[in-house]
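In: here is the input, now give the coordinates:
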Amino acid sequence: MSTIGTWTVSLIPETTLDVRGIRRAAVITGIKQWMNDFGDSPDFDAGELLDAPLTILRRAHAEGAGAAGLVAWY
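Out: Okay, the predicted model is just below:
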């Protein structure tokens, strides 16, 4: 981790999302439960929800570039 002003920056993609091993299984289970209870997509791929952003972050990291994201909570 690095600090730039008031921003904390993770230099390793996996530490940004912290979704490996048992933690990943728990997150995927939670996403699937949420989609079953509140979603309208029974074939929703919870793993893809985690893997797609990681793919982008890994590519940016490998190329020495940055990646930014935004989350809006309602």
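In: from now on I want contacts and neighbour counts done on CA atoms only, so please keep to that.
Out: Fine.
In: so where's this protein shaky on pLDDT?
Out: 1-18 (pLDDT under 70).
In: in it, which spans are helices?
Out: With helices called from DSSP state H, the chain shows them at 13-17, 21-38, 46-62.
In: out of those helices, nearest to Tyr74?
Out: With Cα to Cα as the criterion, Tyr74 lies closest to helix 21-38 of these, at 15.3 Å.
In: so what touches the closest one?
Out: Under the contact criterion Cα atoms under 8 Å, 6 or more residues apart in numbering, helix 21-38 has outside partners Asp18, Val19, Ser41, Pro42, Phe44, Ala46, Gly47.
In: got a markdown table for the residues you listed, with distance to Ala68 and neighbour count too?
Out: Output for these, formatted as a markdown table (distance: Cα to Cα, whole Å; neighbours: other Cα atoms under 10 Å):
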| residue | distance to Ala68 | neighbour count |
| --- | --- | --- |
| Asp18 | 17 | 11 |
| Val19 | 18 | 17 |
| Ser41 | 28 | 10 |
| Pro42 | 30 | 10 |
| Phe44 | 25 | 14 |
| Ala46 | 22 | 16 |
| Gly47 | 21 | 15 |
